[in-house]
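[1] Structure of the sequence below:
(one chain, ligands or ions: 1)
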Amino acid sequence: MSKGFLSDRALTFTPSVIQETSRLAERCGAINLAEGFPDFAAPSLLKEEAIKAIIEDLNQYRHVPQLCELIAKRFSARHGSVHPPLQIDPATEVVITCGQTEAMAAAVLAVVNPGDEVVLFNPTYETYPANVAMAGGVVRHCQLYPPNWSFREEELLAAVGPRCKAIVVNSPHNPTGKVFTDAELAIIARVCTSENLLALTDEVYEDLTYDDVEHRSLASFPGMRERTVVTSSLSKTFSVTGWRIGWAIAPPDIASAISNLHVKLTDSAPAPFQEAAVSALQSDVSYYRQLRQEYQERRDLVCDALEGEEFEIETRPKGGFFVFARIPERFRHGCDDVSFVSTLIEEAGVAIVPGSIFFHSPSPRASVTGGSAVANGTRTAGPGDDGSPHLTGHASVDEIINENQDYCSTLSTDYSKEYVRVAICKKKETLKAAISELQHYFDNTD
Ligand SMILES: Cc1ncc(COP(=O)(O)O)c(C=O)c1O
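    Residues are numbered from 1 along each chain as shown. I've put the predicted structure just below:
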């Protein structure tokens with residue numbers, strides 16, 4: 001195909017490594033523990049409701065107000081113990097989208113101007129840098145350090161420049177399984193309020209926390225309600241990643257902008273599945289309790305097996321769909337995570353994901369500082385700055401996109417190439433079959 005027709009923006013996007021790994025797994029007939037989708041059935045009630053909606057011909061563009069009401073009610077009930085209680089207006093503060101993916105993309109497009117900066121924690125879920133690039137924004141990183149994948153307050157503050165608009169917070173976290181503690185969320189809240197920033201949260205794993213750890217939304221922290229966009233979805237909690245039902249909860253002006261963008265991007269989420277979502281969100285506590293218990297068992301099954309093969313799991317995941325494990329010492333020399341994963345796919349018949357794809361530059365400021373003047377913009381030191389230059393005015397979108405691409409392709413620290421991500425969201429038979437293949441491979445490999 002002629003390269004000439006493609007936009008500069010499109011040229012910066014590459015295929016998802018995770019989806020590529022999945023395809024390779026399929027070609028090799030490998031067991032797929034790479035992608036974050038369940039291989040087991042969705043709850044019967046949901047399927048029945050979706051079928052009923054199709055039979056009743058609910059086939060047209062659709063907006064189901066009852067769904068917004070349930071999302072608002074559920075969120076207030078979960079995070080309502082704060083003072084003043086978190087009341088969400090379903091009519092003005094909730095937007096239904098095609099999955100969390102669209103909610104986050106629309107939220108970023110709604111608030112980020114070209115040249116604006118967005119802080120991401122490093123490692124990070126792979127779609128956020130792309131969202132920021134789509135808006136012409138610039139990514140700043142704040143490092144998460146093993147073993148607890150926590151961050152340093154001064155580094156978070158240092159990542160916030162004068163053009164910073166927002167911090168993206170994903171908890172429970174993909175890929176590490178970290179659940180941000182109350183103390184950490186309080187620090188992020190403090191930085192957001194003192195620096196006048198928005199928080200864009202991805203709470204897609206909100207129902208999947210383990211060891212009695214509770215999920216807390218950053219929106220429930222003092223001063224955060226009016227500066228947080230919460231995104232989440234039905235995908236993970238109800239094992240329906242292909243139904244594409246998600247939402248954003250945001251202050252009215254931002255919710256309205258997200259809604260306008262959503263209408264221009266996809267118009268509406270699938271009508272029959274919105275109807276089924278109404279039943280899903282009325283599930284009682286026993287559904288969530290059982291879900292957590294089953295996932296915790298899967299987590300332990302996978303962690304025990306990996307530890308038995310000398311993978312290092314400094315902290316067992318406290319939430320989410322993945323175990324982030326350090327490659328056994330004996331395989332770390334002369335072999336990085338990418339070649340380790342390729343070998344496992346081809347020789348052990350098990351597909352997992354190289355950890356390095358989630359890591360980006362640890363000192364992203366260096367990529368932007370020290371350069372010459374930017375087209376359509378200038379670089380100057382900003383107030384409260386460390387003296388390093390920042391973008392001011394409107395840098396050209398091309399330039400900003402190129403900078404983002406650099407971030408994405410730069411692998412940072414030594415440990416970034418020492419991890420693999422293993423999905424636990426599979427039937428126990430699938431996990432046991434994968435474990436048995438891995439054990440067989442490791443027993444026969446020096
Ligand atoms: C952290 C995170 N956010 C969002 C998604 C996608 O959510 P959705 O299916 O609702 O678009 C995933 C899927 O893997 C994820 O891991």
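[2] Specify the local secondary structure of Ala199.
    At Ala199 the chain is in strand, as set by DSSP: H, G, I helix; E, B strand; the rest coil.
[3] Tell me the bridge partners for it.
    Ile167, Thr228 (DSSP bridges).
[4] okay, the spatially most central residue of the chain: pLDDT?
    When Cα atoms, centre = their mean is applied to the chain, the residue found nearest the centroid is Tyr125 (4.2 Å). For Tyr125, the pLDDT comes out at 96.
[5] Could you find the closest non-adjacent residue to it?
    Nearest in space to Tyr125, with sequence neighbours left out and distances taken as Cβ to Cβ, 6 or more residues apart in numbering, is Asn174 at 4.6 Å. Where C-beta positions appear, they are placed from N, C-alpha and C, glycine not excepted.
[6] Check Thr315 too.
    Pro147 (5.2 Å).
[7] For the ligand, see how far away the one you found is.
    Between Pro147 and the ligand the computed distance is 21 Å (Cβ to the nearest ligand atom, to the nearest Å).
[8] quick one: pLDDT of that residue?
    Predicted confidence (pLDDT) for Pro147: 90.
[9] again with Ile18
    Ile18 carries a pLDDT value of 85.
[10] same question, Gly382
    For Gly382, the predicted pLDDT is 30.
[11] in stretch 62-79, what counts as buried?
    For stretch 62-79, the neighbour count (16 or more other Cβ atoms under 10 Å) marks 62, 64, 67-75, 78-79 as buried.
[12] Could you do stretch 176-193 as well?
    176-180, 184-193.
[13] near the ligand at all, that stretch?
    No. Applying Cβ under 6 Å from any ligand atom, one finds stretch 176-193 out of contact with the ligand, separated by at least 10.8 Å.
[14] Now the top helix by length along the chain: average pLDDT?
    The longest helix of the chain (DSSP state H) is helix 285-308. On average, the pLDDT along helix 285-308 is 98.
[15] Tell me the first helix or strand C-terminal of that helix.
    Using DSSP states H and E, the helix or strand that follows helix 285-308 towards the C-terminus is strand 322-326.
[16] hmm, who's touching the helix or strand that comes right after that next one?
    Counting by DSSP H and E, the next helix or strand C-terminal to strand 322-326 is helix 337-343. Residues from elsewhere that reach helix 337-343 (Cβ atoms under 8 Å, 6 or more residues apart in numbering): 21, 327, 331, 335, 351-356, 417-420.
[17] So which of the buried residues of stretch 176-193 sit within helices?
    Glu184, Leu185, Ala186, Ile187, Ile188, Ala189, Arg190, Val191, Cys192, Thr193.
[18] Tell me how many other residues surround the closest residue to the first one other than its chain neighbours.
    Spelled out, that is Glu184. Distances taken as Cβ to Cβ, 6+ apart place Ser150 nearest to Glu184, at 6.3 Å, with adjacent residues excluded. When neighbours are defined as other Cβ atoms under 10 Å, Ser150 has 16 of them.
[19] confidence score at Ser150?
    At Ser150, the model reports a pLDDT of 95.
[20] need the contact list for it.
    By Cβ under 8 Å, 6+ apart, Ser150 lies in contact with Leu144, Lys178, Thr181, Glu184.
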